[in-house]
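Asks: dropping the sequence and predicted coords here.
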Amino acid sequence: SHLVGMPLVLVDAVRSFRLDTDHVTEIDEAVMHRPRNPRLYQGPHVLIRRGLYLGRPVSCLVTETAAFTDSVIGLAGPKRDLPHLQTLTGYLNSSLAYYYHFLTAASWGVERDYVELNEHLSLPIADLEGEAADLVRAAVRVAEEHPDDEDLWRGQLDEAVYAAYGLNEE
């Protein structure tokens, strides 16, 4: 009963840096056979689409409490970690994560177009603090303001992510 009335994020709602609210509904079932701990759904959290969207793995940062199905992976943290979650969202939406998952995912590109939880968890994460992370968060803010204008934010995000990971032209 603690989930009744909570927003339910369907998989089609998860896009790069935003939720498509046309695919967010409300939980109205009073009885569930395997309800999860309600703390799992408390914001802020990064929601990751298990399947691909327009051929890419995508995620978005959600600050509010919201439930989601098993086709969405949620990484939650306390409000004080909001900057870290924002940086993580940048890493997950970057071309580096796209390339990494394409090379390492067991199903994507082979038989099914999705990336499993353990594959997301295997992505090496660069520092979540410092100047490089600040640049990633700046790019994320641009992407959050203009999520559908990928030409506007993709280059800035990728450049910041490559710098955070210590990658250069070579």
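Replies: Now that the structure is in, tell me what you want to look at.

Asks: which non-adjacent residue is nearest residue 82?
Replies: Spatial nearest neighbour of residue 82, chain neighbours left out: residue 44 (5.2 Å); criterion: C-beta to C-beta, 6 or more residues apart in numbering. Every C-beta, even on glycine, is put in place using the N, C-alpha and C of the backbone.

Asks: also residue 42?
Replies: Excluding its sequence neighbours, the residue lying closest to residue 42 (C-beta to C-beta, 6+ apart) is residue 65, at 5.0 Å.

Asks: any idea how far residue 154 is from the closest residue to residue 68 other than its chain neighbours?
Replies: Among residues not flanking residue 68 along the chain, residue 9 sits closest, at 4.3 Å (C-beta to C-beta, 6+ apart). Per C-beta to C-beta, to the nearest Å, residue 9 is found 24 Å from residue 154.

Asks: and residue 74, by the same measure?
Replies: 25 Å.

Asks: cool, and residue 105?
Replies: Distance from residue 105 to residue 154, by C-beta to C-beta: 21 Å.

Asks: who has more neighbours, these two?
Replies: residue 105 (20 against 16; other C-beta atoms under 10 Å).

Asks: my read: that one touches residue 113, true?
Replies: No - using C-beta atoms under 8 Å, residue 105 is not in contact with residue 113; the gap is 9.5 Å.

Asks: can you tell me the centre-most residue of this structure?
Replies: For the chain, the residue nearest the mean C-alpha position is residue 59 (2.4 Å; C-alpha atoms, centre = their mean).

Asks: run a quick neighbour tally on residue 57.
Replies: Using other C-beta under 10 Å, residue 57 has 27 neighbouring residues.

Asks: distance of it from residue 17?
Replies: 13 Å.
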